Structure formats: C-alpha cells, structure tokens
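# what's the 3D shape of this:
(4 chains)
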There are 2 protein chains.
Amino acid sequence: MQSDISDKAKATRKRILDAAIRVFAHKGFHDTRVDEIVEESGSSKGAVYFYFPGKQQIFLALIDEFADLLERRLTEAVDQEQGGVRKVNAALKTCLETFGRYRGLAKIFLIQAVGLGAAFEEKRSELHQRFANLIKCYLDQAVADEEIPPIDTEVVAFAWMGAINEVVIRWVHTGEPEPARVLLTLRAMLLRGIGVPETDIAGLAITPIEIVEKSS
Amino acid sequence: MQSDISDKAKATRKRILDAAIRVFAHKGFHDTRVDEIVEESGSSKGAVYFYFPGKQQIFLALIDEFADLLERRLTEAVDQEQGGVRKVNAALKTCLETFGRYRGLAKIFLIQAVGLGAAFEEKRSELHQRFANLIKCYLDQAVADEEIPPIDTEVVAFAWMGAINEVVIRWVHTGEPEPARVLLTLRAMLLRGIGVPETDIAGLAITPIEIVEKSS
DNA sequence: CACTTTAGACTGACTGGTCGGTTTATTGAT
DNA sequence: ATCAATAAACCGACCAGTCAGTCTAAAGTG
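Purely as a prediction, here's the structure:
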C-alpha cells in the first residue's frame, strides 16, 4: 500500500526529531552540530535538510510542539476540576507530570531555549507571557469567585511560573528532590501565598504523581 | 606619576568590560562578536586580548563579578536587620534594587548565561545552588526561631529564587510592572507562602525602592 | 507481463563565509 | 632604550547549508 512509503518517511522524520531532542537537550542549541543529529538519528544530512529548512527550525518545531502539548494538557486537566483551589492543584500536578514525562523537551523548553539572542528571545518571552496569562486567568477567576482575596494576579502569575520552572529545572538536572515532595511543598506554598485558607489546602488529597519518562 | 599608566590602563579595561555588558546583554553570548565589543568600547582587538584571555572569559568575569556583588549586598542588607521576616524583606528589596541598578548585568546573569551548553551550564547550576542555599539558610533560621512552621526549605528556596528571577526578567525586558508593585506583591506572596502570620506582614513598612541605573 | 518513465526519499562530499584568536607593527611613557 | 599598551591586518578551523547524484517503488505504456 501507499502508506508504506509515507510511513517510512514519517518514521525518518520522527527519528530525526527524537535525535534532535536528545542532542539539543544535552548540549544546547549552539553546541549541537547538525552532523550530531544526523549521526544520532542514523539518517543523513540530506534527510535532515529534506524534512526541515534548517537547524533553527528543528529547534523551534520542538519548542512549539511541546508548548502546545503542555497547554493542551493543562487546560484539559484544569477544566475537569471544580473550584479554584482544586484547579490550581490539578494544574501543578499536570505540569510536573508533563515535564517529567518529557524530560528532554522540558530541558530544551526551560533551559536551552533561553539566552539564544534576539531571534529566539522574542519567542521565549512570548511563550512565558502565554503561560503566565493562562495562570493569571485562573487566578482572576478564583478572585472573582471570592475564593481568595484580591491580589495583583499578573505579578503572582509570573512568580508562580518562575517558581515552578526553577524547581523543575533543578529536578531535571539532578533528579532531586522527588516530585512528590515538590508537589506537596510547592502546592502548599503557592496556595498559601495567595491567601487560600489552611483548611482548604489540607483538604486536598495527597494524590501520588506518576512520573513516566517517554522519548517523545 | 605611575598611576597615570595604570589608571589609563584600568580605564581601557573597564571600557571593554562596560562595552561587553552592553553588547552581551543585548545580543547574548553567541550573537556577540568580539569585534562588536571592540567597536563599542572604542578600543581594539589587541587591547581586548591583552586584558582578557578570550571571549568566554570576559563573559564569565562579568557573571562572577555580579554574583559576588549581589551576594555581598544581600548578606550585608540581611545582617543589618533583626528577625526572620524583616531579613527576608530586606533581601527581597536588595535583590530588586541591585538588579535594577545593574540592569545589563542582570539580563546577562538571568538570561544570557542560560542555555549555553555544558561549559556554562555547570557554572549556572552552581550559581543557582549558591543563592538558593543562601535563601535556605535564612529560611532554616526562621524555622529554628519558630517564626514559621517547619517546611521543606530546600524546595522553597529554589521556588523563591525562581519566582524572583522570573519577575525580574519580565521587568528587565518590558519595564513592567513597576518595582514598587512587585516588591509589595512578591513580599506578601512569599511570606504568606511560608506561613508568616498576616499581622507580621502588614507590619512591614512600605519602604519605597529606589531604582537607579548604573552602567557598571 | 515486460519495460520504460517519473517521483519521492535519501546520500555525503564539498564549499564558502564567518569569527575567535594570533601576529606583527607602532606608539608612548619612563 | 626598553617595555607595556594598542592597533589592525591576517589566519585558518569550523560547520550550516548545498547539490549532483543514487536508490527504490509506483505509474504509465504497448
């Protein structure tokens, strides 16, 4: 059948992307040679430039793909929960799970995509803006529902994102501390920080997180 | 006199470093050409390589210098205050002031030093560790003094650092939101987050921050 | 069916511009 | 004269991207 061809073709494309995740995550954008992606993927330079316009586009494709994935999972998880506090809890858990499942992409997203000069910086800024806004919306809702006192949700949203990112970065790097510990501590800290009553926080289940690593 | 020479020499060195701050902050490490630093500093390639072993070392020198400066200012400010809550407040204020005063260095420190591959990544990790540890110490002390309930200070320390960094990055980039607003919100959020009683937080003065930009 | 043709997927040797670093010459202070 | 300081032409390794060509399988043809 004809899908044989395109299956094999798609497979090559995927092999290249997977290899790119591994190499980019490990060495960063500038220290990654296209030839290394070629070798790691077991394909050829021609194949790489057949499927992608250039090195930069491969990198951006990975980031965009992951950002979409994360946003999809977040909104999905949050929408399934009722009430601001539970929603926040779900979001936090989903974040840690997703970063844990796609550790390579997480490292690319959180570290390797930073400090790459103007061309990428705009993208990074825009992505952070996007996720901060997502958080801000949920916070605003919690305020509107009078679950928490009125606060400067914009600043808090950025602070939350930074807090989560930093802890995840640390974890991706060293494997420390374990996600369960992180979830508990971070959750308590962030929720307390916006004035959620202690009783509401204590009421949250100690949902275990499952961290399963996937290639892509 | 002999200081004429070394004065002039030191001046050249400084001009190079200042130029490097500007260019690195604006374009990032890899997009910065040594020739751009030469031009911006109004010196020459010979002078640059007379004072520094190479591009990378200039970059690292800037980061180390700033890290030392920040740490010095922080410990200084914290030591002058009495009591955990006030110390934290002082630290936060000092952070924002210092980042504000040295905006170029702040951008290099927080953004441009990230995602540069293994050679720099270790340095970055070590720096974050260092500052997180500083925070952790103060938090531990606050716990020991029973000002706050026992918490996982390690995780909280990283979360705090991430929160501060992200907000500062945003501010360095867009100029938004104003530091005063940031200090108030961040302070309340972080202190609440570790269980500081609302009354203690309210008791803190609304100390105005002065943000004066300096070249270096 | 045998055969040519076409198209898509892929290969890897090659290239040409770029840029960190070096060298050599010059200046100027003591 | 001597030597630190500076200038700027120069070098060459490096590497993203190119391209002429190969291979395989499907489509067209008689």
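
# burial check on A:A118, number of neighbours?
Summarising burial for A:A118: neighbours were counted as other Cβ atoms under 10 Å in any protein chain shown, giving 10. For the C-beta atoms, the positions are set from N, CA and C on the backbone; glycine is no exception.

# how about the contacts made by it?
By Cβ atoms under 8 Å, 6 or more residues apart in numbering or on different chains, A:A118 lies in contact with B:K27, B:G28, B:D31.

# buried only: go through those for me.
Buried subset of the contacts of A:A118 (neighbour count, 16 or more other Cβ atoms under 10 Å in any protein chain shown): B:K27, B:G28, B:D31.

# need these in TSV with pLDDT, distance to DNA strand D and secondary structure, can you?
Formatted as TSV, the buried ones among the contacts of A:A118 follow (pLDDT from 0 to 100; distance: Cβ to the nearest atom of the strand, whole Å; DSSP: H, G, I helix; E, B strand; the rest coil):
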residue	pLDDT	distance to DNA strand D	secondary structure
B:K27	96	18	helix
B:G28	96	16	coil
B:D31	97	13	coil
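
# domain assignment for chain A?
Domain ranges of chain A: A:1-52, A:61-202, per automatic domain parsing.

# quick one: the first one to chain centroid distance?
What it means is domain A:1-52. Computed by Cα atoms, centre = their mean, to the nearest Å, the chain-centroid distance of domain A:1-52 equals 22 Å.

# ok, stretch A:49-66 next?
Stretch A:49-66 sits 17 Å away from the centroid of its parent chain (Cα atoms, centre = their mean).

# with stretch A:63-74 instead?
Between the mean C-alpha location of stretch A:63-74 and the chain-wide mean there is a distance of 7 Å, by Cα atoms, centre = their mean.

# what about the nearest residue to A:E198 once chain neighbours are set aside, distance to B:T199?
Of all residues not flanking A:E198 in the chain, A:R192 sits nearest, at 7.4 Å (Cβ to Cβ, 6 or more residues apart in numbering or on different chains). A:R192 sits at a distance of 15 Å from B:T199 (criterion: Cβ to Cβ, to the nearest Å).

# the more surrounded of these two?
Neighbours were counted for A:R192 and for B:T199 using other Cβ under 10 Å; A:R192 has more, 20 against 7.

# quick one, phi/psi of the more buried one?
For A:R192, the backbone dihedrals are phi -50, psi -40 (criterion: degrees, to the nearest 10).

# list the buried residues of the lengthiest helix in chain A.
Longest helix in chain A by number of residues, with DSSP state H as the criterion: helix A:118-144. Neighbour counts over helix A:118-144 (16+ other Cβ under 10 Å) mark A:120-121, A:123-124, A:127-129, A:131-132, A:134-136, A:138-140, A:142-143 as buried.

# got it, and stretch A:55-64?
In stretch A:55-64, counting by 16+ other Cβ under 10 Å, buried: A:K55, A:I58, A:F59, A:L60, A:L62, A:I63.

# what comes up buried for the lowest-mean-pLDDT helix or strand in chain A?
Every helix and strand of chain A was ranked by mean pLDDT, DSSP states H and E. The lowest is helix A:3-27, at a mean of 83. Buried positions in helix A:3-27, judged by neighbour count with 16+ other Cβ under 10 Å: A:12-13, A:15-27.

# can you tell me if whichever helix or strand comes after it touches DNA strand D.
As assigned by DSSP states H and E, the chain's next helix or strand after helix A:3-27 is helix A:34-41. Yes. Helix A:34-41 reaches DNA strand D (Cβ under 7 Å from any atom of the strand) through A:V34, A:D35.

# after helix A:34-41, heading C-terminal, what element do we hit next?
Counting by DSSP H and E, the element after helix A:34-41 in chain order, helix or strand, is helix A:45-51.

# what lies in contact with that next one?
Outside helix A:45-51, the residues that touch it by Cβ under 8 Å, 6+ apart are A:T12, A:R13, A:I16, A:V34, A:D35, A:I37, A:V38, A:S41, A:I58.

# pretty sure the fourth one is touching A:Q56, no?
This means A:V34. No. Assessed by Cβ atoms under 8 Å, A:V34 is found out of contact with A:Q56, at 10.5 Å.

# show me what contacts the closest residue to A:G83 other than its chain neighbours?
In space, and not counting its chain neighbours, A:G83 is closest to A:E147: 7.1 Å by Cβ to Cβ, 6+ apart. Taking Cβ under 8 Å, 6+ apart, we find A:E147 in contact with A:G83, A:G84, A:V85, A:V196.

# what about A:E147, helix or strand, and which?
Assigned by DSSP H and E, A:E147 belongs to neither a helix nor a strand.

# roughly how far apart are it and DNA strand D?
Applying Cβ to the nearest atom of the strand, to the nearest Å, the value for A:E147 to DNA strand D is 49 Å.

# could you measure that residue against A:Q141, distance?
Applying Cβ to Cβ, one obtains 9 Å for the distance of A:E147 from A:Q141.

# mutual contacts of those two, please.
Common neighbours of A:E147 and A:Q141, counting by Cβ under 8 Å, 6+ apart, are A:G84.

# now, the buried residues of stretch A:55-64 that are in helices?
A:K55, A:I58, A:F59, A:L60, A:L62, A:I63.
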